[in-house]
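# Build me a model from this:
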Amino acid sequence: MKNLSLLAALAAGAAAMPAMAQDDRDTSQDFDGPYVSIVGGATLQGSDRGETLVFDTDRDGTYGDQVTTSGGANAFSPGFCNGAATTSTPGAGCKNDKDGPEYFGRLGYDKRMGNFVLGAVVEAGRSEARDSVSGFSTTPARYTMSREADWQAGARLRAGYTPGGGALFYVTGGGAYAKLDNRFTTSNTANSFADNGRTNAWGYSAGGGAEVMVTKNIAVGLEYLYTDLKDKDYVVNVGAGTAPPTNPFLLDGGGTDIQRSSAHFRTHSVRGSLSFRF
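So this is what the prediction gives:
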């Protein structure tokens, strides 16, 4: 709600600011036809409280097994944290998920019908945000999974209202895709670890914004976008390495697979745009 309130306030200001530039030209053809845009802003991470690592100790494809020591104890009883572990001790805390800049190129087309506008956009670019989760074993050792978008793309519809031209207020939503760059780090030097690196993530984006014509062909805009991408393919395979057969990762089936408990990579974007309309 805070994001939407801020967006509404800024959009109202943006609509009022160029009014003097609109007075001496015909606005009846605004927001009608093709355009290209450059888009940039900030990607903000939501709170992923409660996320953990999950384990498949017998490699039957079902996660949720407990990694158990030879004495029957939970090897991950120290727990988990949202973020990247700074040491092997849980009490030392974890780094927060990383927010970052984003930059995109966009192609769009609008059809104006009176004061209403329907359109479609496709865009591609990159966000620097990173999402991590860590676990701690009784060894002690730390295990961290991190992911960020190597590049991403979206295709959305949008519908808006323009009070006579000059300014457009809209909502937007559609599909989203990202090629995720996954990374795994650990202080465990006994076992072997292998992963499948980059994975494909699919999901959706939804939000809203405002756009203002500052000349006949140039528009500036402000937009909020929520994106939810889902990746269930990233896996870390734990092998024996130099560890003995009594190693907790090996006791059940000779090895263990690790995933994140949540497949969702959720972000909030606040972005500005500069568009050229043909």
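
# mind checking which helix or strand of this protein has the lowest mean pLDDT?
In the chain, no helix or strand scores lower on mean pLDDT, DSSP states H and E than helix 19-22, which sits at a mean of 44.

# which is the next helix or strand following it?
For helix 19-22, the following helix or strand on the C-terminal side (DSSP states H and E) is strand 33-45.

# For that following strand, which strands pair with it and how are they oriented?
Take DSSP bridges as the rule and strand 33-45 pairs in its sheet with strand 100-113 (antiparallel), strand 264-277 (antiparallel).

# Just name the most buried of those.
strand 264-277 (a mean of 19; mean count of other CB atoms under 10 Å). Backbone N, C-alpha and C define where each C-beta goes, glycine included.

# Dump that one to CSV, restricted to CA.
Provided in CSV are the C-alpha atoms of strand 264-277 (Å, rounded to 0.1, in the frame of the first residue of the first chain):
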residue,chain,number,x,y,z
HIS,A,264,9.8,-18.1,-5.7
PHE,A,265,12.1,-15.2,-6.4
ARG,A,266,10.0,-12.1,-5.6
THR,A,267,11.0,-8.5,-6.3
HIS,A,268,9.5,-5.0,-6.2
SER,A,269,10.7,-2.5,-8.8
VAL,A,270,10.4,1.3,-8.8
ARG,A,271,11.5,2.6,-12.2
GLY,A,272,11.4,5.6,-14.5
SER,A,273,11.1,5.5,-18.3
LEU,A,274,11.9,7.8,-21.2
SER,A,275,9.9,7.0,-24.3
PHE,A,276,10.0,8.1,-27.9
ARG,A,277,6.5,7.8,-29.6
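
# now it: how far from the chain's centre is it?
Centroid separation between strand 264-277 and its chain, computed with CA atoms, centre = their mean, to the nearest Å, is 12 Å.

# Stretch 97-107 too?
Averaged C-alpha coordinates place stretch 97-107 at 10 Å from its chain's average position (CA atoms, centre = their mean).

# Please apply the same query to stretch 242-255.
That offset, for stretch 242-255, works out to 35 Å (CA atoms, centre = their mean).

# What average pLDDT does that stretch get?
Here stretch 242-255 scores 95 as its mean pLDDT.

# List the buried residues in that stretch.
By neighbour count with 16 or more other CB atoms under 10 Å, stretch 242-255 contains the buried residues Ala243, Asn247, Pro248, Phe249, Leu250, Leu251, Asp252, Gly255.

# mind checking pLDDT for Leu7?
At Leu7, pLDDT is 43.
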